[in-house]
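[1] sharing a sequence plus its predicted fold:
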Amino acid sequence: LFFLVLPLRAQDATEFNIGVAGGGDFTNTEVGITVGVRIPFYTHYELDLRDIFSPYERHPPLGKGTANIARAGGAVWITRGFGINGNGEYSNYTVSANGWGVAKGADYAFGGPIWRTDCFGIPCRISVNYVRQVANGVSYQGIETSQLQGVLFILSSRLKCAGKVCVNLEEETSVGRVLKQGNPACDGSLTSKLPFCTRDVGWGGGFTGTITLTHRHRGH
């Protein structure tokens, strides 16, 4: 994706950022590093690419390990302060405990309205997104996808700039409905659904915070 956008005529300077991320989501805990790039082009369009690698990932009771989230998307700005954003995300983890390990990956899509505004004197962006897991099915290990559906609220703000560096803070808060692990042989994952082994429904959410540093271009 990065090389595909290189020929695009950027209206503003491309923005690279690097930082740390951490939080808890649906009983899982993660701490990691993040890198990303934001590319504005053709006045009303913006491309965002991001990767978060977590060397510490904890999934009770499955154990601890590593994880990675790759996200690609962007925004179409209808006006200077309002637009529509959309993103695709691939999340995977590998954890183990007591000699038994689990590896799982899932695809997600989310999108919704986004606002560019001022939050108590700080430049910020606010987006409210519908999020859901896509490509639902059963992994090679027989683990069923959770089929998450919910709401993702994102607040991004530029806290402070000093010299050539700016400090950014992003907060993501999610709440959603998931299906708990069932029996793939009879709950509809592999065959027709039977009434005596439907999957249970659960609700949960979480919070993730990210702090990044961005190089400030002259004139910004």
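    Perfect, I can see it now.

[2] contacts and neighbour counts: CA atoms only from here.
    Will do.

[3] following element in sequence after the lowest-mean-pLDDT helix or strand in the chain, please.
    None of the helices or strands of the chain scores lower by mean pLDDT, DSSP states H and E than helix 2-5, at a mean of 56. Sequence-wise, the next helix or strand downstream of helix 2-5 (DSSP states H and E) is strand 15-25.

[4] how far is that next one from where the chain is centred?
    Centroid separation between strand 15-25 and its chain, computed with CA atoms, centre = their mean, to the nearest Å, is 10 Å.

[5] list the helices and strands that strand packs on?
    Counting contacts by 3 or more CA pairs under 8 Å, 6 or more residues apart in numbering; DSSP states H and E, strand 15-25 is packed against strand 28-41, strand 201-215.

[6] direction included, what does that strand pair against?
    strand 28-41 (antiparallel), strand 201-215 (antiparallel) (DSSP bridges).

[7] what sits against residue 136?
    For residue 136, the contacting residues are 144, 145, 146, 147, by CA atoms under 8 Å, 6 or more residues apart in numbering.

[8] could you rerun that using 7 Å?
    Counting by CA atoms under 7 Å, 6 or more residues apart in numbering, residue 136 touches 145, 147.

[9] return the most buried member of the strands paired with strand 15-25.
    Comparing those by mean neighbour count (mean count of other CA atoms under 10 Å), strand 28-41 comes out on top with a mean of 19.

[10] for the record, mean pLDDT for whichever helix or strand comes after it?
    Next along the chain after strand 28-41, taking DSSP H and E as the criterion, comes strand 45-59. Average pLDDT, strand 45-59: 95.

[11] any idea of the angle the helix or strand following strand 45-59 forms with strand 28-41?
    As assigned by DSSP H and E, the chain's next helix or strand after strand 45-59 is strand 63-77. On the basis of axes from the mean of the first three to the mean of the last three CA atoms, to 10 degrees, strand 63-77 is oriented at 30 degrees to strand 28-41.

[12] give the partner strands of the top strand by length along the chain in its sheet and their orientations.
    For the chain, the strand with the greatest residue count under DSSP state E is strand 100-119. Looking at strand 100-119 with DSSP bridges, its partner strands are strand 82-97 (antiparallel), strand 122-134 (antiparallel).

[13] let me have those strands in a markdown table, adding distance to residue 51, mean neighbour count and mean pLDDT as columns.
    Listed next are these as a markdown table, based on distance: least, CA to CA, whole Å; neighbours: other CA atoms under 10 Å; pLDDT from 0 to 100:
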| stretch | distance to residue 51 | mean neighbour count | mean pLDDT |
| --- | --- | --- | --- |
| strand 82-97 | 10 | 18 | 94 |
| strand 122-134 | 18 | 19 | 96 |
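
[14] starting at the chain centroid, how far to stretch 95-115?
    Computed by CA atoms, centre = their mean, the chain-centroid distance of stretch 95-115 equals 9 Å.

[15] which parts of that stretch are buried?
    Within stretch 95-115, the residues that count as buried by 16 or more other CA atoms under 10 Å are 95-96, 102-104, 106-115.

[16] my guess is residue 135 meets residue 105, correct?
    No. Using CA atoms under 7 Å, residue 135 is not in contact with residue 105, being 10.5 Å away.

[17] picking that back up, taking the buried residues of stretch 95-115 together, which two end up most distant?
    Across the buried residues of stretch 95-115, the longest distance by CA to CA is 40.8 Å; it joins 96 and 115.

[18] tell me the pLDDT of the residue nearest to residue 138 when sequence neighbours are not counted.
    Nearest residue to residue 138, sequence neighbours excluded (CA to CA, 6 or more residues apart in numbering): residue 144, at 4.4 Å. Looking at residue 144, its pLDDT is 83.
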